[in-house]
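In: only geometry, no sequence info:
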């Protein structure tokens, strides 16, 4: 704790010094202007035509907030020039620099040069100015979505859920880039009830935020409500939406100090509270945040017969966001997690360095009897974490990483070397090591679990551009787990290999071939003399994809994918064939796409994941297994310049083995309406 107190003292001293320096600079600027007012007035008096500018020496014209009458009254502008400036400001406010005015056609540069000393840009905004910006046209957007899944000849879920199978989504957002944004999102999943005896009524999930940019010169951004952020390389905190993409060089350099509004419907990933991005001197910024949010969790009741006392512990933290029956409702908002901290980021030429300190608290400890993989996790409250991240660039070499530690001296570190030998080649070497006791709920790392916990890894990725239309990507990833994983009883290892060859001809066609294999140790219980020995599961995947541009508006896409799994001497295979037609014409109000896919995947272990197009705002990654086929159709129609209507129909037809029913039919329907005003 003594070391942490010293670190806190250093950070607070740095902050205090920064604010004092900023205040000193502001005072010097005011004194400078004040001391030269007489000189300005003397120069004005020498020119009779500029005497009307005297009042603008003490009160410059604020271009970000003045109305047309004030601009028209400015002595150096005639009516036509004032109209040009006013039209530009209506579109581009708030300005970042007065030099943006030189892009206005018809405004003489000589007039602009004489006018610059009498202009200012104030970041602070009064209520009247804010209301004017909010009242602008095309800054408001309302989205309403309804969907329903209809299952035919499938009785297993009949009557199981408390609510209707309807899915509802409603979102209102108002935003002007560079000024403000605020939004309210409400959502109800299929099966969730509108009304329940205990708990909230109506929409099961609601989220809101208010974001204001540059309310004062030293405050770059402030967000109240739900937000997302990333500090360092994500070992401590990163709840931004990312997709692990093994097709490319994964885990690219993350943007430390990222602060954005939370706009997802995932109910388990947001921060809820306040976040601020503060501008400090010497190319330094500070991200200050506080969050208190409740998560879904399944709790265990622990009874101490000697103390005659009871306590609660965590069996699992749930991220499904579903509350459809009594069991799922019992897990809702059972665990409180509080996080607060500060992150300092400074740019020193080609070096970016960050220092991050946070304090977190978790309402209950883990139940190590049910979750032995959590046995070494620090459960003390509060828990202090500290990390240093860096990003150094020298010519064609980049080195970036982060090292973190908590108060129990549990560590996590990662280091990445990125080399660009030429414009046609890229090489990436990545190493990370996470202790078995280093666990952070909001971390986001390039691991199997996504967390910076219980893993040693070495990864080698490379990219080679053969010519203008052909390139090759490769990846080799080796992992070792020094402690137990979830549902594993021993330490285990794994590896993954990938190669992707991609060729294309601009505006005509593109194709790629992807081959991937991964080997992973896992528990195996179907043995005669043991119940939990480790065995290797081997997975092989091959994908061929072709995109052919039939016309400027129509693209044909075809994909074949095969997968094979081997567990001991048992093996299984599966394949998926899909065909898409995508239509998009900028001159047409109608666009859309259609897919037909057929698959034969008898074993669930061989399931194939495939991205599906959906209505805007939905990320749809579907898992295919069994024997059958699926069809979906998306249509998007721009009814007016302000109204967009989208609809989607999808059908999945699976063969049911050993049943008189024969085929299971599932229909998915969605309608979405967007209104911009």
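Out: Great, that's in hand. Everything numeric here is computed off the predicted structure, so don't read it as measured data.

In: just the strands in the stretch 1-150 of the chain please.
Out: Secondary structure of the stretch 1-150 of the chain, counting by DSSP state E, counting those that start in this stretch: strands at 61-62, 119-120, 140-152.

In: contacting residues around the first one?
Out: With CB atoms under 8 Å, 6 or more residues apart in numbering as the contact definition, strand 61-62 has outside contacts at 70-71, 74, 118-122. (Each C-beta comes from the backbone N, C-alpha and C, glycine too.)

In: now the residues you listed in JSON lines, with neighbour count, pLDDT and distance to residue 312?
Out: Listed next are the contacts of strand 61-62 as JSON lines, based on neighbours: other CB atoms under 10 Å; pLDDT from 0 to 100; distance: CB to CB, whole Å:
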{"residue": "70", "neighbour count": "14", "pLDDT": "80", "distance to residue 312": "63"}
{"residue": "71", "neighbour count": "18", "pLDDT": "86", "distance to residue 312": "64"}
{"residue": "74", "neighbour count": "19", "pLDDT": "87", "distance to residue 312": "68"}
{"residue": "118", "neighbour count": "19", "pLDDT": "86", "distance to residue 312": "66"}
{"residue": "119", "neighbour count": "17", "pLDDT": "87", "distance to residue 312": "62"}
{"residue": "120", "neighbour count": "14", "pLDDT": "82", "distance to residue 312": "58"}
{"residue": "121", "neighbour count": "18", "pLDDT": "81", "distance to residue 312": "54"}
{"residue": "122", "neighbour count": "16", "pLDDT": "69", "distance to residue 312": "52"}
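
In: Surely residue 333 touches residue 293?
Out: No. Because the distance of 9.0 Å does not satisfy CB atoms under 8 Å, residue 333 is recorded as not touching residue 293.

In: the more surrounded of those two?
Out: residue 293 (18 against 14; other CB atoms under 10 Å).

In: The residue lying closest to that one once chain neighbours are set aside and residue 494: what is the separation?
Out: Of all residues not flanking residue 293 in the chain, residue 272 sits nearest, at 4.3 Å (CB to CB, 6 or more residues apart in numbering). From residue 272 across to residue 494, the span is 35 Å (CB to CB, to the nearest Å).

In: got a list of contacts for the one helix or strand residue 556 maps to?
Out: Element membership for residue 556, per DSSP states H and E: strand 554-567. Here strand 554-567 makes contact (CB under 8 Å, 6+ apart) with 524, 535, 537-550, 571-583, 601, 603, 605-608, 610.

In: The stretch 551-677 of the chain: strands as residue ranges?
Out: Counting by DSSP E, counting those that start in this stretch, the strands of the stretch 551-677 of the chain are 554-567, 570-583, 590-601, 608-612, 620-624, 626-638, 643-655, 663-676.

In: could you list every residue that touches the nearest residue to residue 373 once chain neighbours are set aside?
Out: Distances taken as CB to CB, 6+ apart place residue 484 nearest to residue 373, at 4.3 Å, with adjacent residues excluded. Neighbour list for residue 484: 372-373, 375, 454, 490-491 [criterion: CB under 8 Å, 6+ apart].

In: that older thread, of the contacts of strand 554-567, grab the buried ones for ChimeraX.
Out: Entered in ChimeraX, the line below selects the buried ones among those, by 16 or more other CB atoms under 10 Å:
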select :524,537,539,540,541,543,545,547,549,574,575,576,578,580,582,583,601,603,605,606,607,608,610
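
In: Mind listing what's buried along stretch 645-656?
Out: Neighbour counts over stretch 645-656 (16+ other CB under 10 Å) mark 646-648, 650-654 as buried.

In: now the residue nearest to residue 317 when sequence neighbours are not counted: how far from residue 175?
Out: Spatial nearest neighbour of residue 317, excluding adjacent residues (CB to CB, 6+ apart): residue 297 at 5.0 Å. The gap separating residue 297 from residue 175 is 34 Å, by CB to CB.

In: The two - which one has more neighbours?
Out: Between residue 297 and residue 175, counted using other CB under 10 Å, residue 297 has the larger neighbour count: 23 against 16.

In: Distance of that one relative to residue 633?
Out: 39 Å.

In: for residue 299, same thing?
Out: With distances taken as CB to CB, residue 299 is found 44 Å from residue 633.

In: for residue 119, same thing?
Out: Going from residue 119 to residue 633 by CB to CB gives 55 Å.

In: How about residue 516?
Out: Residue 516 is 30 Å from residue 633, by CB to CB.

In: which element is residue 328 on?
Out: Assigned by DSSP H and E, residue 328 belongs to helix 326-330.

In: and the following helix or strand past that helix, what does it pack onto?
Out: Using DSSP H and E, the helix or strand that follows helix 326-330 towards the C-terminus is strand 335-348. Helices and strands touching strand 335-348, by 3 or more CB pairs under 8 Å, 6 or more residues apart in numbering; DSSP states H and E, are helix 2-35, strand 284-295, strand 351-362.

In: let's see 6 Å
Out: strand 284-295, strand 351-362 (3 or more CB pairs under 6 Å, 6 or more residues apart in numbering; DSSP states H and E).

In: what number of residues lie near residue 418?
Out: 19.

In: Is it in contact with residue 399, as I believe?
Out: No. Using CB atoms under 6 Å, residue 418 is not in contact with residue 399, being 7.6 Å away.

In: Show me what the nearest residue to residue 397 once chain neighbours are set aside bridges to in the sheet.
Out: Closest residue in space to residue 397, ignoring its immediate chain neighbours: residue 419 at 5.6 Å, by CB to CB, 6+ apart. When bridges are called by DSSP bridges, residue 419 pairs up with residue 397, residue 427.

In: Residue 419 and residue 413: what is the separation?
Out: According to CB to CB, residue 419 and residue 413 sit 20 Å apart.

In: Then residue 272?
Out: According to CB to CB, residue 272 stands 29 Å off from residue 413.

In: before we move on, what about residue 151?
Out: Residue 151 is 48 Å from residue 413, by CB to CB.

In: Please apply the same query to residue 330.
Out: Counting by CB to CB, the gap from residue 330 to residue 413 is 39 Å.

In: which of the two has more neighbours?
Out: Each of residue 330 and residue 413 has its neighbours counted (other CB under 10 Å); residue 413 has more, 20 against 13.

In: Just the element for that one, please.
Out: Short version, using DSSP H and E: residue 413 is in strand 411-422.

In: next one: that strand to chain centre, how far?
Out: Here strand 411-422 is found 22 Å from its chain centre; the criterion is CA atoms, centre = their mean, to the nearest Å.

In: hang on, the earlier thing: distance between the helix holding residue 328 and the chain's centre?
Out: The answer for helix 326-330 is 28 Å, by CA atoms, centre = their mean.

In: average pLDDT for it?
Out: Helix 326-330 shows a mean pLDDT of 88.

In: Show me which positions of it end up buried.
Out: 328-329.

In: Kindly report the same for stretch 553-565.
Out: Quick answer for stretch 553-565 (16+ other CB under 10 Å): 555, 557, 559, 561-565.

In: would you turn those into CSV with pLDDT and distance to residue 205?
Out: Output for the buried residues of stretch 553-565, formatted as CSV (pLDDT from 0 to 100; distance: CB to CB, whole Å):
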residue, pLDDT, distance to residue 205
555, 96, 36
557, 96, 34
559, 96, 34
561, 96, 34
562, 95, 38
563, 94, 34
564, 93, 39
565, 90, 36
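
In: of all the residues you listed, which two lie farthest apart?
Out: Farthest apart among the buried residues of stretch 553-565 by CB to CB are 555 and 565. That separation is 32.6 Å.

In: For the stretch 151-300 of the chain, which segments count as strands?
Out: Using DSSP E, counting those that start in this stretch, strands in the stretch 151-300 of the chain cover 166-176, 180-188, 205-216, 219-231, 237-238, 258-261, 271-280, 284-295, 297-304.

In: ok now stretch 293-306, how far from the chain's centre?
Out: Centre to centre, stretch against its chain (CA atoms, centre = their mean), the figure for stretch 293-306 is 31 Å.

In: which helices and strands does the strand or helix carrying residue 400 pack with?
Out: Assigning secondary structure by DSSP H and E places residue 400 in strand 397-406. Counting contacts by 3+ CB pairs under 6 Å, 6+ apart, strand 397-406 is packed against strand 383-394, strand 411-422.
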